[in-house]
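Trainee: Pasted the sequence and its predicted model underneath.
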Amino acid sequence: MSSLNDDAEMHVTGNTRYSINFRERGWLVVLGVVFSVVLNVALVTTVAVIAHGTSSHRHTSCDSAACVETAAAVAGSLNKTHPACSDFYEYSCGGYKLHHNLEDGAYTYSVWTELWETHSKRLRMSVEAADKTQKYGVETAALFASCMDLVALNKTNSKPLLDLINKGDALQFPALVGSNWNRAKFDLSTWIKTLHQMEINTLFTLTKGPNPIKPSDVALKIFPSGLNMYSWDYTSDSSWAAKRRDEYKTRMVTYIKNLGVTSNETAIRIDVEDAFKFEIELAKITPDWREDIYSPKMLRLRQLYRDFVPVTKVNWKDYVTSMYPEKLAPNEYEPIFIEESQYFKNLSKLIAHSQDRTIANYMAMSLLYNLADHLPEHISGQISAHKRYDWEASPLYYQCASVTERLMPWASARAMLDRGLIADKSAAKKIFENIKTELSGAVDAVSVDYKFSDSFTKQLKDRAAHLKEKIGYPDWILNQTLVNQYYNRMESSLDPAQYLQNVMQMSKFRKTALLMSYEEQLQGGEGWDTFMGDNVASYYLHGNDVHIPLYYLFAPVYSHDMPDSFNYGGMGAWVGYYMVYALEDDWRQYIDDKGNVIPRNVSEADRAAYTAAKGCNNYIANVTYLPPGEPEPIPLKVSWNSGVESQHNDIIATRASYKAFRKNMKGSQSAPGLPDSTDRVFYLAVGQFYCSAQYDHHSYYHKLLNAIAASSSEFTKAFGCQPTDLLYNSGEKTCNL
């Protein structure tokens, strides 16, 4: 199993290549080292130095070391002894398990995990040695250094944080002061302002983004922010949920004590229980994000200040103006959109019927829970989001690199750019556009087959045609001057010896930058309300765009050096899935050809036709596959009602990506160690997305990859499947949508 190594060394060869040597430590598992090193070297050596821009050149034949190494890594994950037409997962990923055994107690380990680890290595190289002749480099290095300074951090421990939540009576955390908590001076509005200034959007969120009526403009918005902790699975009465609930509460109590809170442990547990009870009630009134949240009501700020008072004890004018630098608050005639106003009415009732101490506990717990993302492991324990999915702690310098990227995304990206560790994305953007074209064509095909009305067909095609990508990083960071200009807006420089102070300062800066639209003011500003360290891609209705993390620009998703067959397969599996969300039928709006969001008004006939179209691949539920060692074929259908036959995104994305590849491929498609068939290389690239060391013949992803194969007559042709083979598809059963 590959693992993050705390003795990574970077060796620079010339100006364009980087490689990494890793010395073994006692905790490093030897199994899989060869495969992992090949993949890591391939990922790192894929890129060229791109100091002030990117090149549109991309290799179309495997004539580089990076291509050879990436191809070798893919070939190493295969099990060619097993027939692809009986179990494509085993054929694609059988070798991966041999090289990546799970350690005792590990939850999972996959290609995705490995790619994330490699990204962490590149990131660490960049931020710890950022260019200190530049403003962004100075601040990046200071934040990373302060996180790494355990002596200073342990000396001050969490004093800045405890000072904050014990700052006068209004912000007191009951667990800190016990019976001395002053109910009379509790102020919810002060709590909300303090947390929201640090990007902790408790109870609701104030943001600035695409105007819900006209996405080409930006506007202020207030909407339900969802939950802060884990109550989404705490409302269940199952024994599994009860066990997780108890374990998590125990970890939260330990975390609070690690912060230096000296209150009685029993008293702390009571306050933790109190906070969780409030969040469970909050979960009951939080709207479903797909169906309910997109009902905006437009007000002018003056109307908000004067008339919108559904949340008890919140002074809206004081709140909004406090989120901006002094004298720079928006004027009272600026529009603001309230999304799901019924939620705020319900929230008002919940607050009115809750004890002030309960609300104070919840606000303080929300603060501590969110800041755990930025605290080193020895303080935050298992609350930290920086533990890998196998729950094994990563080295401190990778935790600190991740925090630096989260709080300073554009500075971190620029630092990686300066060191030549960011891949060119121009070809990836072109692949995105070509897949989008095929999705629009899929709408045309299915509208004829299922007799959609012209208006409904246009709605679906508008969504596909106007889908936008945000891949890796905004283009304005290619201009070094603009990145310096962005960080020159900080109130003061970061202190390399004051980590928690830096965290709170940068959190506030990020919120201010968003509300002030700093990025929109920069040349080519794209207003990305995200950070490149996001773990997965996401689709956003408002703006109709797909956010694609930076590390998706590396193999096995995409490689600047690999042929089109590989890149279309990887992008189709990893990115195409989220693109298909634009065609979901349960959104309440669609985007017309001018970019305006229009309420959906779908007839019953169209709804019935769409439902029928979505059911076109139900035949997959009757398909079986045969892994090695199994006495009988295993059905693709899973145990619950909505199984792999309902996972249209994966199947449609692969189909659209395949069509885009065949229409647009250029140059040689060969790679050493991989099949000569370009179509086989395409499907193997798709298969890499699903490879995991958590090897269960009945697992969901094992079934899903076989469902993709079984739904494709092109797969049947590529691998020469015969009518007697389990995954054979004659072409009579296909799904366009």
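Mentor: That came through, no problem.

Trainee: residues in contact with residue 205?
Mentor: Applying C-beta atoms under 8 Å, 6 or more residues apart in numbering to residue 205 gives the contacts 196, 221, 222, 223, 224, 225. Where C-beta positions appear, they are placed from N, C-alpha and C, glycine not excepted.

Trainee: helix, strand or coil for the residue nearest to the second one when sequence neighbours are not counted?
Mentor: Of all residues not flanking residue 221 in the chain, residue 337 sits nearest, at 4.7 Å (C-beta to C-beta, 6 or more residues apart in numbering). Three-state secondary structure (criterion: DSSP: H, G, I helix; E, B strand; the rest coil) places residue 337 in strand.

Trainee: Reformat the contacts of residue 205 as a markdown table; add distance to residue 448, secondary structure and neighbour count.
Mentor: As requested, these are exported to a markdown table (distance: C-beta to C-beta, whole Å; DSSP: H, G, I helix; E, B strand; the rest coil; neighbours: other C-beta atoms under 10 Å):
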| residue | distance to residue 448 | secondary structure | neighbour count |
| --- | --- | --- | --- |
| 196 | 50 | helix | 22 |
| 221 | 39 | strand | 21 |
| 222 | 43 | strand | 25 |
| 223 | 38 | strand | 25 |
| 224 | 40 | strand | 23 |
| 225 | 43 | coil | 17 |
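
Trainee: now the helices for the stretch 301-450 of the chain?
Mentor: Counting by DSSP state H, counting those that start in this stretch, the stretch 301-450 of the chain has helices at residues 301-307, 316-322, 341-352, 356-371, 377-380, 396-407, 409-418, 426-449.

Trainee: rank the ones you listed by mean pLDDT and give me the bottom one.
Mentor: Mean pLDDT values for the helices of the stretch 301-450 of the chain show the minimum at helix 377-380, a mean of 62.

Trainee: Now do residue 518: how many residues are near it, please.
Mentor: Around residue 518 there are 18 other residues, counting by other C-beta atoms under 10 Å.

Trainee: isn't residue 350 right next to residue 285, touching?
Mentor: Yes: Residue 350 is in contact with residue 285 according to C-beta atoms under 8 Å; the separation is 6.3 Å.

Trainee: doesn't residue 207 fall inside a strand?
Mentor: Yes: the assignment for residue 207 by three-state DSSP puts it in a strand.

Trainee: in the sheet, who's paired with it?
Mentor: Per DSSP bridges, the residues bridged to residue 207 are residue 221.

Trainee: wait, what's in contact with it?
Mentor: 220, 221, 223, 514, 515, 529.

Trainee: any idea how far it is from residue 370?
Mentor: 16 Å (C-beta to C-beta, to the nearest Å).

Trainee: picking that back up, would you turn the contacts of residue 205 into CSV with distance to residue 300?
Mentor: Rendered in CSV, the data for the contacts of residue 205 read as follows (distance: C-beta to C-beta, whole Å):
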residue, distance to residue 300
196, 21
221, 14
222, 13
223, 18
224, 21
225, 23
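
Trainee: Please render the helices of the stretch 301-450 of the chain as TSV that adds mean neighbour count to the earlier fields.
Mentor: Conversion of the helices of the stretch 301-450 of the chain to TSV gives the following (neighbours: other C-beta atoms under 10 Å):
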stretch	mean neighbour count
helix 301-307	16
helix 316-322	17
helix 341-352	17
helix 356-371	22
helix 377-380	18
helix 396-407	25
helix 409-418	26
helix 426-449	19
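
Trainee: Select, out of those helices, the one closest to residue 212.
Mentor: Proximity to residue 212 (C-beta to C-beta) singles out helix 341-352 among the helices of the stretch 301-450 of the chain, at 13.2 Å.

Trainee: now that closest one against strand 335-339, angle please.
Mentor: Here the directions of helix 341-352 and strand 335-339 differ by 70 degrees (axes from the mean of the first three to the mean of the last three C-alpha atoms, to 10 degrees).

Trainee: From the rest of the structure, what touches helix 341-352?
Mentor: Counting by C-beta under 8 Å, 6+ apart, 188, 203-204, 224, 281-282, 285-287, 295, 297, 308, 310-313, 338, 359 sit against helix 341-352.

Trainee: Type out the ChimeraX command that picks the buried ones from those residues.
Mentor: Buried members of these, defined by 16 or more other C-beta atoms under 10 Å, are picked up in ChimeraX with:
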select :188,203,204,224,281,282,286,287,295,308,310,311,312,313,338,359
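
Trainee: Restricted to strands, list the contacts of helix 341-352.
Mentor: Counting by DSSP state E, the contacts of helix 341-352 place 204, 224, 297, 338 in strands.

Trainee: ok, the first one touching residue 223?
Mentor: Yes: the pair residue 204 / residue 223 is scored as a contact, 6.7 Å apart, by C-beta under 8 Å.

Trainee: can you pull out the strands in this protein?
Mentor: When secondary structure is read from DSSP E, the chain shows strands at 8-13, 17-22, 204-210, 218-224, 296-300, 335-339, 468-471, 538-540, 545-548, 589-591, 597-599, 624-625, 634-635.

Trainee: Select from those strands the stretch with the lowest mean pLDDT.
Mentor: Among the strands of the chain, strand 17-22 scores lowest, at a mean of 27.

Trainee: tell me the contacts of the residue most central in space within the chain?
Mentor: The residue lying closest to the centre of the chain (C-alpha atoms, centre = their mean) is residue 536, at 3.1 Å. Residue 536 is in contact with residue 549, counting by C-beta under 8 Å, 6+ apart.

Trainee: where's residue 223 relative to residue 342, distance?
Mentor: 12 Å.

Trainee: re earlier: out of the helices of the stretch 301-450 of the chain, the one nearest residue 238 is which?
Mentor: helix 356-371 (23.1 Å).

Trainee: now the closest one, how far from the chain's geometric center?
Mentor: Taking the mean of its C-alpha atoms, helix 356-371 sits 25 Å from the chain's own mean (C-alpha atoms, centre = their mean, to the nearest Å).

Trainee: and the angle from it to helix 341-352?
Mentor: 120 degrees.

Trainee: Residue 278 is in contact with residue 354, correct?
Mentor: Yes: in this structure, residue 354 is within contact of residue 278 by C-beta under 8 Å, at 6.2 Å.

Trainee: Give me the more crowded residue out of those two.
Mentor: Per other C-beta under 10 Å, whichever of residue 354 and residue 278 has more neighbours is residue 278, with 21 against 17.

Trainee: The residue nearest to residue 221: neighbouring residues, count only.
Mentor: Neighbours around residue 337, by other C-beta under 10 Å: 19.

Trainee: how close does it get to residue 301?
Mentor: Residue 337 is 11 Å from residue 301, by C-beta to C-beta.

Trainee: Between those two, which contacts overlap?
Mentor: By C-beta under 8 Å, 6+ apart, the residues touching both residue 337 and residue 301 are residue 220.

Trainee: does residue 148 really touch residue 398, like I thought?
Mentor: No: applying C-beta under 8 Å as the test, residue 148 and residue 398 come out as separate, 10.9 Å apart.

Trainee: chain center to stretch 297-310, what's the gap?
Mentor: 33 Å.

Trainee: same deal with stretch 674-682?
Mentor: 30 Å.

Trainee: What residues of it count as buried?
Mentor: 674, 675, 677, 678, 679, 680, 681, 682.
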